[in-house]
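Visitor: Provided below for reference: sequence and predicted model.
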Amino acid sequence: MIYLYLFSDFIFVTLLIQTTFKGESNTRFIIKLIACLHFVALALFALSTKQFNQREIFVSLGLIFSFIGDLALGLKYKYKQALILGLLFFMGAQVMYITSFGFNAYTFMIWFPLLLMMFFMGMHMQKNKHYNFRKMELGVIIYACLLSLMMSTALAQWDLRLLSASFLCALGAVFFLGSDFLLLHLYFYDHKKTSLVILYLILYHLGQNLLALSLWVK
């Protein structure tokens, strides 16, 4: 079952990458919809097969919020407000993930250096005339804070066992942050590189699938 899932996911992410280079279209939107449905289906199927706890519920909600955010972003070529709507749903996804992972003594030890790094990166971007945030600076700042906190909570709860649920969540969160860092350049930077598009899509789907897979292990 899992091998069939991985094969199907690989096919649709590959198709998504190919159609992305052809520009926004209804065909790309449908492929994006199916590709993103994979990690939601994987999570919901896991919940349907066992007694689930609060952590697993919030991870699943985060995946659902991300899916809706993906749909909104997929329609940005038709509706101007779709980008803002997508950002809001992804903020909701980060809140769900943060709630799932929770806080411990290590959370803020990881978060504060990340915030400091993002602050200096933001200052650099502000001075660079090639970045155009389309009056969404505040939203991007809030999202960056939530995203970095999400990764901090995920790393802080990792119990150091490989192939455990906490490890898959931590690794998924790292990939998620990496994909969104690339997306920042793809959406708001004047000069886009083809390689970044491919890497972004790979990291994003890896991250979400790892979070979904975490529901299948202890």
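Guide: Received it, and whenever you're ready, just let me know what you need.
Visitor: For residue 151, give me its contacts.
Guide: Contact analysis of residue 151 by Cβ atoms under 8 Å, 6 or more residues apart in numbering lists 110, 114, 173, 174, 176, 177. From N, CA and C alone the C-beta is placed, and that goes for glycine too.
Visitor: next one: residue 104
Guide: Each residue near residue 104 by Cβ under 8 Å, 6+ apart is listed here: 156, 157.
Visitor: Double-check that it belongs to a strand.
Guide: No: going by DSSP: H, G, I helix; E, B strand; the rest coil, the assignment for residue 104 is coil, not a strand.
Visitor: Check the spatially most central residue of the chain and give its pLDDT.
Guide: By Cα atoms, centre = their mean, the chain has its centre lying nearest to residue 176, at 4.2 Å. For residue 176, the pLDDT comes out at 95.
Visitor: now swap in residue 110 and tell me
Guide: pLDDT at residue 110 comes out at 96.
Visitor: any idea which helix or strand comes after the worst-scoring helix or strand of the chain on mean pLDDT?
Guide: Ranking every helix and strand in the chain by mean pLDDT, DSSP states H and E puts helix 107-127 at the bottom, with a mean of 88. Downstream of helix 107-127, the first helix or strand assigned by DSSP states H and E is helix 137-156.
Visitor: ok, and the closest non-adjacent residue to residue 56?
Guide: Spatial nearest neighbour of residue 56, excluding adjacent residues (Cβ to Cβ, 6 or more residues apart in numbering): residue 215 at 5.3 Å.
Visitor: ok so, going back, now the helix or strand that contains the residue nearest to the centre of the chain and helix 107-127, what's the angle there?
Guide: Per DSSP H and E, residue 176 falls inside helix 165-188. Angle, helix 165-188 to helix 107-127, by axes from the mean of the first three to the mean of the last three Cα atoms, to 10 degrees: 10 degrees.
Visitor: Helix 165-188 - contacts with which helices or strands?
Guide: helix 82-101, helix 137-156, helix 194-213 (3 or more Cβ pairs under 8 Å, 6 or more residues apart in numbering; DSSP states H and E).
Visitor: With mean pLDDT as new columns, can those helices be given to me in CSV?
Guide: Listed next are these as CSV, based on pLDDT from 0 to 100:
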stretch, mean pLDDT
helix 82-101, 95
helix 137-156, 93
helix 194-213, 92
